[in-house]
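[1] take this sequence and fold it.
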Amino acid sequence: MAANCRRLSGTDYALSATGIAGPTGSSPEKPVGLVYIALATARGTTVKELRLGESLARGEVRDRAAKAALNLLRLELIRS
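    Presented below is the predicted three-dimensional model:
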């Protein structure tokens, strides 16, 4: 998702996130709080799996996922 977003938009960086924020839609294999974030750059795409916890509210899962994605970008910018 991030790599295609970067390609289509012609940007240097692209972030994406997907997962189960809850309160429904979970299964034993995919619990609430399971989130994947990705950062696409010219060097490739980095994907991180986050398990934020089943006890969080939907808004908390979304907030933490967004912060983790932005932190991934921040760390990449520091590296560059």
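[2] drop to CA atoms for contacts and neighbour counts, all remaining ones
    OK.
[3] what comes up buried for the helix or strand containing residue 74?
    Assigned by DSSP states H and E, residue 74 belongs to helix 58-79. Buried positions in helix 58-79, judged by neighbour count with 16 or more other Cα atoms under 10 Å: 58, 61-62, 64-66, 68-69, 72-73.
[4] name the element residue 50 belongs to?
    Taking DSSP H and E as the criterion, residue 50 maps to strand 44-51.
[5] quick one: mean pLDDT over that strand.
    Taken as a whole, strand 44-51 has a mean pLDDT of 98.
[6] hang on, the earlier thing: what is the nearest of the buried residues of helix 58-79 to residue 40?
    residue 73 (9.3 Å; Cα to Cα).
[7] just checking, that closest one touches residue 37?
    No: applying Cα atoms under 8 Å, one finds residue 73 not in contact with residue 37, separated by 10.6 Å.
[8] any common contacting residues for these two?
    Jointly contacting residue 73 and residue 37 under the rule Cα atoms under 8 Å, 6 or more residues apart in numbering are residue 15.
[9] what about residue 47, how many residues nearby?
    Per other Cα atoms under 10 Å, the neighbour tally for residue 47 reads 16.
[10] nearest residue to it other than its sequence neighbours?
    What sits nearest to residue 47 in space, not counting adjacent residues and going by Cα to Cα, 6 or more residues apart in numbering, is residue 38, at 4.3 Å.
[11] and the one you found, what element?
    strand 34-41.
[12] show the average pLDDT along that strand.
    98.
[13] mind listing the strands that strand pairs with, and their directions?
    Strand pairing for strand 34-41, using DSSP bridges, gives strand 14-19 (antiparallel), strand 44-51 (antiparallel).
[14] mind listing what's buried in it?
    Neighbour counts over strand 34-41 (16+ other Cα under 10 Å) mark 34-41 as buried.
[15] what do you get for stretch 10-22?
    Of the residues in stretch 10-22, those buried (16+ other Cα under 10 Å) are 13-17, 19-22.
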